[in-house]
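K.L.:
coords please:
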Amino acid sequence: MSRGIEPVAPSATVQDAAIHMAEYDVGAVLVGTKETLEGVLTDRDIILRVVVDGRNPSEIAVADVMSSTLFSCKEDDAVEAVLTEMRERQIRRMPVMDNDGKPVGVVTLGDLTKAVPSPEQMRELLRNIAEPHRGGKETEAGKPETSGEGRPGEASAVGRG
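P.N.:
Take a look at the predicted model:
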């Protein structure tokens, strides 16, 4: 896990958050304070909720486009449990909280795959997480029937609470 992650204020502009991402070479920032999290902003959120809509990132607050559904893990959670949660939620990064519920870092797929014993298991894990989320049932032809519900990018960056 990466420790010492500096959260971005919800009132910051998307442009400021993007600059923060570029400076730290990360694809997501935690939103909130060192005491509590309010959400997460990913590069995907910026693309889908700002760029695609033709909005000006210097005029949009992070709080207006961040993913506010948070999934997180605890420092002492088992690697397998975190990997399972990330696979089920199809997320690549997850905030890590201490026992008091304060954010202490972010764990990524890359961090966790180092603990996976075999290359085959790692490939399967990454494939399951990277596949587009399909919210529907399979049709008789074996293709997923998507529900069309939800907004792309929602809950895209963090795990269970």
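K.L.:
please count neighbours and contacts with C-alpha atoms only from this point.
P.N.:
OK.
K.L.:
so where is this protein shaky, pLDDT-wise?
P.N.:
Residue ranges of the chain with pLDDT under 70: 1, 4, 116-119, 121-123, 125-161.
K.L.:
just the helices in this protein please.
P.N.:
14-24, 43-46, 79-89, 109-113, 119-130 (DSSP state H).
K.L.:
so for A61, which of those sits nearest?
P.N.:
helix 14-24 (5.8 Å; Cα to Cα).
K.L.:
tell me how far the closest one lies from the chain's centre.
P.N.:
16 Å (Cα atoms, centre = their mean, to the nearest Å).
K.L.:
just the residues contacting it, thanks.
P.N.:
8, 27-29, 43, 46, 57-62 (Cα atoms under 8 Å, 6 or more residues apart in numbering).
K.L.:
what about 6 Å?
P.N.:
Contacts with helix 14-24, where a contact means Cα atoms under 6 Å, 6 or more residues apart in numbering, come from 57-58, 60-62.
K.L.:
between which two of these is the distance greatest?
P.N.:
Across these (Cα to Cα), the longest gap, 10.1 Å, separates S58 and V62.
K.L.:
what sits in contact with each of those two?
P.N.:
Contacts common to S58 and V62, judged by Cα under 6 Å, 6+ apart, are T13.
K.L.:
quickly note the distance from V14 to R3.
P.N.:
Separation of V14 from R3 (Cα to Cα, to the nearest Å): 23 Å.
K.L.:
between those two, which is the more surrounded one?
P.N.:
More crowded of V14 and R3, by other Cα atoms under 10 Å: V14, with 26 against 11.
K.L.:
quick check: the more buried one vs T108, distance?
P.N.:
22 Å.
K.L.:
return the residues in contact with E38.
P.N.:
Contacts for E38 (Cα under 6 Å, 6+ apart) come out as 31-32.
K.L.:
that one and R87, how far apart?
P.N.:
22 Å.
K.L.:
now swap in I19 and tell me
P.N.:
29 Å.
K.L.:
likewise A78?
P.N.:
Distance, A78 to R87, using Cα to Cα: 14 Å.
K.L.:
have a look at those two and say which one is more surrounded.
P.N.:
R87 (19 against 10).
K.L.:
state the distance from the more buried one to L70.
P.N.:
Counting by Cα to Cα - R87 and L70 are separated by 15 Å.
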